[in-house]
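Undergrad: Build the 3D model from these lines:
(one chain, ligands or ions: 2)
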Amino acid sequence: MMIASAAVPPFMKNGFVVSCEETREAVIIDPGDEVDALVAEVASGGLEPRAILLTHAHLDHITGVKRAKDALRVPVWLHRADLFLYEDVVEQGRMFGLRVEAQPAPDAFYEPGTPLTFGNHVVDIRHTPGHCPGGVCLAIGHRDGQRRELFVGDTLFAGSIGRTDLPGGDLGTLLASIHDVLFRYPDDSVVHAGHGPDTTIGAERRSNPFLR
Ligand SMILES: [Zn+2]
Ligand SMILES: [Zn+2]
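TA: Numbers count the residues shown, from 1 in each chain. Ligands and ions are numbered 1, 2, ... in the order given. Reported below is the predicted structural model:
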């Protein structure tokens, strides 16, 4: 599995291109304002994009969906419970004083328990509400192995957790998602957060001050 990431101001939200080194098939995760870097990564790597996967529908994670879809011509996947946020992206921008364009409708909704695939890799979809109703963890690994790297959106960060004061957020629900879904993964599982550096499940289990 190969992973490229990019982030730009003002949100410094991480967007990812995850690809299968054996087939060069790839998925794009959370294209935002850094979308041009993600599209360039697909081109320079000679990758074959298969899907745009969204961890959730806050504006910083979706402002690049239209440009990514126009450039790559692949379907956009979202959790159904975040559709109200996705369809409200222009108003979300207004709340931050930003002019944001509407995004193309999602092509498909995740069905938890039904994994997606690209090349020889699988994407297990884990519903992790709390930061917002339709947040998911995308757990990606080789189909022949158990190891998974976790793309957790804004549910968990290195040393912090997602905010729960936005529409549909709930702290108890967020903590349950972290403890009952994310912390089921082994300590050496790499966590790719929506903002900031990578971490591991073990590091957050041991030292995250919000999870004691
Ligand atoms: Zn968010
Ligand atoms: Zn975010």
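Undergrad: Residue 21 reaches residue 46, doesn't it?
TA: No. Taking Cβ atoms under 8 Å as the definition, residue 21 is not a contact partner of residue 46, at 11.7 Å. No exception for glycine: its C-beta is placed from N, CA and C like everyone else's.
Undergrad: Neighbour count: those two, which is higher?
TA: Neighbour count, other Cβ atoms under 10 Å: between residue 21 and residue 46, residue 21 has more, with 11 against 8.
Undergrad: How about the more buried one: what's its closest non-neighbour residue?
TA: Among residues not flanking residue 21 along the chain, residue 2 sits closest, at 5.4 Å (Cβ to Cβ, 6 or more residues apart in numbering).
Undergrad: How many residues are close by the one you found?
TA: 13.
Undergrad: so it bridges to which residues?
TA: When assigned by DSSP bridges, residue 2 has beta-bridge partners residue 19.
Undergrad: what residue lies at the spatial centre of this structure?
TA: In the chain, the centroid-proximal residue (Cα atoms, centre = their mean) is residue 55; its distance is 3.3 Å.
Undergrad: Skipping adjacent residues, who's closest to that residue in space?
TA: Nearest one to residue 55, counting by Cβ to Cβ, 6+ apart, is residue 153 at 2.9 Å.
Undergrad: Just give the number of residues close to that neighbour.
TA: The number of residues near residue 153, taken as other Cβ under 10 Å, comes to 29.
Undergrad: For it, give the beta-bridge partners.
TA: residue 193.
Undergrad: give me every residue that touches it.
TA: 30, 55-56, 61, 128, 131, 135-137, 162, 193-194 (Cβ atoms under 8 Å, 6 or more residues apart in numbering).
Undergrad: Tell me the gap between stretch 50-66 and the middle of its chain.
TA: Here stretch 50-66 is found 8 Å from its chain centre; the criterion is Cα atoms, centre = their mean, to the nearest Å.
Undergrad: Distance check, residue 155 against ligand 1.
TA: 9 Å (Cβ to the ion, to the nearest Å).
Undergrad: From one end of stretch 29-45 to the other, what's the distance?
TA: One end of stretch 29-45 to the other measures 16 Å (Cα to Cα, to the nearest Å).
Undergrad: what about that stretch and ligand 1, any contact?
TA: No. Using Cβ under 5 Å from the ion, stretch 29-45 stays clear of ligand 1, with a minimum separation of 9.5 Å.
Undergrad: Give the buried residues for that stretch.
TA: Going by neighbour count (16 or more other Cβ atoms under 10 Å), the buried part of stretch 29-45 is 29-35, 37-39, 41-42.
Undergrad: Am I right that residue 188 is in a strand?
TA: No. Residue 188 is assigned coil when assessed by DSSP: H, G, I helix; E, B strand; the rest coil, not a strand.
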